[in-house]
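Trainee: the following block contains a protein sequence and its predicted model.
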Amino acid sequence: MVIQRDIKKTMNKAKYDVAIIGGGHNGLTTACYLAKAGLKVVVVERHDYVGGAAVSRELHPGWTYSNCSYVCSLLRPEIFRDLELSKHGLQIIPYEGSASMLDDGRFYAHYQDHDLTYRSIAQFSKKDAEAYDRFGKDVMRQCKIIKPLLKLTPPDPTSFKPKDIMGLFEFAKYFAAKDELGGLGEKEIYDTIRFWTMSVRDYLEEYFESDIVKVHLAGSAIIGTALGPYSPGSAYVLLHHYMGEVDGTVGAWGYSRGGMGSITKAMASSFKSKNGEIKAGSPVTKILIKNNKSYGLVLENGDEIYADKIVSNLDVKRTFLKVVEEKELPSDFYRAVKNFKIRGSSGKLNIALDDLPVWKSIPIGDPAGTGDLHITQNIEEMEGAYDDWKDGKWSQFPYVDMCIPSINDPTMAPQGKHYMSVFIQYVPYNLADGGWTEEKRKEFGKHVMERIGNYSTNFKDIINHAEIRTPKELEAEVGLTEGNIFQGELTMDQLMFNRPVPGYAQYKTPIKNLYMCGSSTHPGGGVMGAPGANAAREILKDLNKKMSTHYI
Amino acid sequence: MNTTKISYKKPLLETPFHERTSEHCYSNDWYRWAGYKVAKEYSSTELEYTSMRNTAGVIDITPMHKYDIKGEDAKNFINKLITKDISNIQSNQVAYGIWCNEDGMVIDDGTIFCFNENHFRIFCAERNLNWFSDTGTGFNVTIEDISSSIAALAFQGPLSCKILNLLQVKNIENLKPFHFDSYKIEHHNVIISRTGFSGDLGYEIWCDPSQAIDVWDNLFKFNRDYKVLAAGMNALDMVRIEAGFIQPNADFMSAEQALRPNRMRNPYELGLGWLVNLDKEYFTGKQALIRHKEKGPEKKLVGLDVEGDKPAVGSVLYDNSKKNIAKEIGIVTAAMWSPVLKSNIAIGFVNKEYYKLGSNVYAEIYHPEELDYRKIWAECKVVKKQFFNNPRRNAIPAFI
């Protein structure tokens, strides 16, 4: 009796319809949709600023760093449109080209112009230059299948609920249906299964003969993942990086003007315009649960916030191993969460440059130099970088994805100066020789910069400031467990109805009124917003409310 | 530029910027504008468009028609010509106006620069010398077509002021929207107005044709740091649709050119009623416009937020979500996927019952797809035509 009265008392105190833990891009996306539907929503954020891993930070006077995520393609245009992000200041700038620099002084490049790309590849192999079109077509077909799946709440194949049966039917439709209905034919299912399970090395081997072509394309398959190019399942990660778009150009990437923080800044502004409330500087220490129902949050300062529904933007491990008490959880669920693969494998350098780097191979002014740049020479070198990671060392010859946003975005650095973002694969979360120290972090940064310096005539002389980030910093600052950028590996065992854990792929959890909306849920990582939008749809469905959206 | 010598082999004239535009125009895709060659696309419409929304784009707008109106009746003449009242216009101010025929049907629109009480200059897209001369009967004014004596560039985009400032164009950041003044770019005397077709921060630069190349080169001087691009007509068309600016003979037929009377449109139908001042004593078309206003427009040009991502180019508009019982209620005049808004936008005419904001209409979109058409029945919401309106457009001082 006493307990019941207590619940009643707290319920009456409930101030919000929904409280969202974490103001990352997915938490904010969920928040916007819920506020748009008329709910009273609060976003509770640990830092003084929102953004999670989509932030712009002035860590060196005059320079703006996109110090976590750095390019944008996956953000669903429907979400952009629904949340009126342009009105709230967001602009995506397309960029042209990408290149790999070779040790022999040549470079391999992709351009916006199709014929230029053909000729660029043909320097290495005419067959590959032609095969690139075939590869492009096959990847596009797979993207066509996957695009509608992103917006789908994964149907549970073990359930006989009408929505799950319909969902599976919907899923099958994209293969079986006729062209008019968007299907690609039953045969495509063979390719899909292959694509989702193969190693990227094997996949590319079926198209290309030239080392540099293969390694250039393979980069997308290892970014952010603790898989090597020979690991089965890595081909899917490539697909995951290709399914975005910039204004209808599938697979294209762009910069968010003003850095990646402009995305979350615009979302926060859109949210506030719908009467949403953001409590920044408020770390959540506990989710309040009684009788298997969540009803509120406890903040670090002891304050409590009550809400009918709680949504966690944190990764699944952080949510259920840190802010929910173990005793509240079914043990099989708890075990599944513990076993969820979320391995740190990436590092990041953010560098303030006093001038534009001059590359030994790419001429000044060539658009190839304005996009993403790489220096890995072949797949074996890439696999070797992965081997180092397995040994608990940072890669001696790391794969780097470098770009200089300030070439295209005039707001990132002072006039004539530049900001360079260097994403590094692989960097372990734990070093085999006794863990990370301040010295080792610096040594790691120096190692990467020296390596980049080998391909430039002036790089080493123009470094003004560098922020060096290992998985440890990514975890400490952003809250991503082990610093995994996707909030969990994008492998087949952790995708679709298995993401994050089997039986809980529909944004719900074993705790009533507690939901998940982060990248740990379907369809996974990247600054996409789809998990956030899907979660919002499920929450609104539970409240018998409709979601007003271009996102169906 | 030599306008007197006619070569039948070259029906199109080259603007004073041709030496540069032809250099930049890799795609060799030219557009015919008032007898001149201007670039449709230099090398990538996408990047040219982006320059106007991200850095700055340079557009050769020399072919614009330019008319000098001089004499003691200059102001009265303008006030008779256009539908809005400019009695209070000050020197160095720019007015945007439209002019109609006696039936209150729109002939053209343009910007009107006031140098002083006795000297105005009109910039417009179509030839208007006949109409202006007719209107000028009885006024003490001279009307001169000075089109070929002025070279002109639109310099549009968020960094346009910053770059002019770097070029030591003094005090340019304090030039207010719809104002102009004399400035120096290097040692060249130019007129710069804070006007343009992009709906963003931007300027138009007017100079003597002999200085054209120098002025052009100056605008690209800081390209190592800030990527300024020459932008073509395709890109300009994109930004003007986003800004909700309409164009004669694209969104409506000029009353001087329409063969069929029912193709002519009055200002209320074009959503330009705000440019008509019926309190003004007299102007051409006033009586007809009083009637048009009373009656209310039968159809109206509106903005459309179109479902999905396939542009509704040339689509017919219908009244019902069910195709088999739908009735035609309008037509799309301009449509595009807006990169900056990530929205599928269109401008079109809809009948009376549908022009209220928030109304739903349906567009039948024929989307070309691998040698076939996908027919899409897309819901469209009637919205304001001004899709894109960035605060930096009107900020004073402008961003440097």
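Mentor: Sure, I can see it. Residues are numbered from 1 along each chain as shown, chains lettered A, B, ... in the order given.

Trainee: tell me which element A:C32 falls in.
Mentor: Assigned by DSSP states H and E, A:C32 falls within helix A:25-36.

Trainee: name the helices or strands packed onto that helix?
Mentor: Contact analysis of helix A:25-36 by 3 or more Cβ pairs under 8 Å, 6 or more residues apart in numbering or on different chains; DSSP states H and E lists strand A:16-21, strand A:41-44, helix A:77-82, helix A:261-273, helix A:530-542 as its packing neighbours. (C-beta placed from N, C-alpha, C; glycine too.)

Trainee: recalculate using a threshold of 10 Å.
Mentor: Contacts defined by 3 or more Cβ pairs under 10 Å, 6 or more residues apart in numbering or on different chains; DSSP states H and E place helix A:25-36 against strand A:16-21, strand A:41-44, helix A:77-82, helix A:261-273, strand A:277-279, strand A:304-312, strand A:514-516, helix A:530-542.

Trainee: please give me every residue in contact with the residue of the stretch 151-300 of chain B found nearest chain A.
Mentor: Using Cβ to the nearest Cβ, the single residue of the stretch 151-300 of chain B nearest to chain A is B:D225, 5.0 Å away. By Cβ atoms under 10 Å, 6 or more residues apart in numbering or on different chains, the residues touching B:D225 are A:356, A:406-407, A:410, A:413-418, B:55, B:159, B:163, B:166.

Trainee: 8 Å - rerun?
Mentor: Contacts for B:D225 were tallied using Cβ atoms under 8 Å, 6 or more residues apart in numbering or on different chains; they are A:P410, A:Q415, A:G416.

Trainee: now do the SS call for it.
Mentor: At B:D225 the chain is in coil, as set by DSSP: H, G, I helix; E, B strand; the rest coil.

Trainee: could you give the angle of the helix holding A:C32 to helix A:530-542?
Mentor: Angle, helix A:25-36 to helix A:530-542, by axes from the mean of the first three to the mean of the last three Cα atoms, to 10 degrees: 30 degrees.

Trainee: TSV for the contacts of B:D225, including neighbour count?
Mentor: Output for the contacts of B:D225, formatted as TSV (neighbours: other Cβ atoms under 10 Å in any protein chain shown):
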residue	neighbour count
A:P410	21
A:Q415	13
A:G416	13
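
Trainee: check contacts around the residue lying closest to A:L314 once chain neighbours are set aside.
Mentor: Leaving aside its sequence neighbours, A:L314 sits nearest to A:G22 (Cβ to Cβ, 6 or more residues apart in numbering or on different chains; 5.2 Å). Contact partners of A:G22, counting by Cβ under 8 Å, 6+ apart, are A:V43, A:V44, A:E45, A:R46, A:G52, A:S312, A:N313, A:L314, A:G479, A:G518.

Trainee: show me which residues of the stretch 301-450 of chain A sit near chain B.
Mentor: Taking Cβ under 8 Å from any Cβ of the partner chain, the part of the stretch 301-450 of chain A that reaches chain B is made up of A:L356, A:I407, A:N408, A:D409, A:P410, A:Q415, A:G416.

Trainee: hang on, the last one in a helix?
Mentor: No - when three-state DSSP is applied, A:G416 is found to be coil, with no helix at that position.

Trainee: tell me where the chain is predicted with low confidence.
Mentor: Just going to use chain A. By pLDDT under 70, the weakly predicted segments of chain A are A:1-14, A:175-184, A:552.

Trainee: that was the other one, I meant chain B.
Mentor: Along chain B, the model assigns pLDDT under 70 to residues B:1-4.

Trainee: what number of residues lie near the single nearest residue of it relative to chain A?
Mentor: When scored by Cβ to the nearest Cβ, chain B has B:K342 as its residue closest to chain A, at 3.9 Å. Using other Cβ atoms under 10 Å in any protein chain shown, B:K342 is surrounded by 26 other residues.

Trainee: please apply the same query to the one 5 residues further on.
Mentor: By other Cβ under 10 Å, 24 other residues sit near B:I347.

Trainee: so what's it closest to, chain neighbours aside?
Mentor: Nearest one to B:I347, counting by Cβ to Cβ, 6+ apart, is B:A334 at 4.5 Å.

Trainee: would you indicate which residues of stretch A:28-46 are buried?
Mentor: For stretch A:28-46, a neighbour-count test (16 or more other Cβ atoms under 10 Å in any protein chain shown) marks A:28-37, A:39-46 as buried.

Trainee: er, stretch A:346-363 actually
Mentor: Within stretch A:346-363, the residues that qualify as buried by neighbour count (16+ other Cβ under 10 Å) are A:346-353, A:356-357, A:359, A:361-362.

Trainee: between those residues, which sits nearest B:M105?
Mentor: Checking the buried residues of stretch A:346-363 against B:M105 with Cβ to Cβ, the nearest one is A:L356 at 55.5 Å.

Trainee: that closest one contacts A:I404, correct?
Mentor: Yes - here A:L356 reaches A:I404: they are 7.4 Å apart, a contact under Cβ atoms under 8 Å.
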